[in-house]
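**Student:** sequence unknown, structure follows:
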C-alpha cells in the first residue's frame, strides 16, 4: 500500500507467493484424496442405478472380484496410479513457481 499497489497487486505479488507452499500441499493431497472414493460407493450404492455412481476404484474392484479378471484389474490400477502420480507431480511443479534470489 505504501508503494501505491492496489489490492489485486498486493494479493498477487505478496500474499499469494506466501501461501504457495500451503496451496501446493493442499492441492496435491486433494488430488490423492479424490481418487479414494471406493468405500462410500461400495457401501451405499454398489455402482448405483445403471452405473451412475461407478468410479474407477469401484470398476477395478468389480473387474477383479466379481468378474475374476485380476490382470485387467491390476493394469487398470497401475494406470490409475500413474495418472494420480502425474497429476501430483504437475501440481507440485506448478506450486513451486519461480524462486527469487537474494
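**Tutor:** Everything's here; your move. What you see is a predicted model, and the numbers here were worked out from it, not measured in a lab.
**Student:** contacts, neighbours, all on C-alpha from now
**Tutor:** Noted.
**Student:** which residues touch residue 65?
**Tutor:** Counting by Cα atoms under 8 Å, 6 or more residues apart in numbering, residue 65 touches no other residue.
**Student:** separation between it and residue 83?
**Tutor:** Relative to residue 83, residue 65 is positioned 23 Å away (Cα to Cα, to the nearest Å).
**Student:** swap in residue 60?
**Tutor:** Distance of residue 60 to residue 83, given as Cα to Cα: 15 Å.
**Student:** who has more neighbours, the two?
**Tutor:** Taking other Cα atoms under 10 Å, residue 60 and residue 83 do not tie; residue 60 has more neighbours (21 against 12).
**Student:** distance of the residue most central in space within the chain from residue 90?
**Tutor:** Centroid-nearest residue in the chain: residue 31, 1.1 Å away (criterion: Cα atoms, centre = their mean). For residue 31, the distance to residue 90 equals 11 Å [Cα to Cα].
**Student:** next: residue 41.
**Tutor:** Remark: distance between residue 41 and residue 90 (Cα to Cα) = 28 Å.
**Student:** can you map out the helices along the chain?
**Tutor:** Assigned by DSSP state H, the chain shows helices spanning 7-10, 16-34, 38-44, 56-61, 70-96.
**Student:** tell me the most buried of those?
**Tutor:** Across the helices of the chain, the average number of neighbours (mean count of other Cα atoms under 10 Å) peaks for helix 56-61, which reaches a mean of 19.
**Student:** pLDDT on that one, on average?
**Tutor:** Mean per-residue pLDDT for helix 56-61: 91.
**Student:** ditto for stretch 94-102
**Tutor:** Averaged across stretch 94-102, pLDDT comes to 65.
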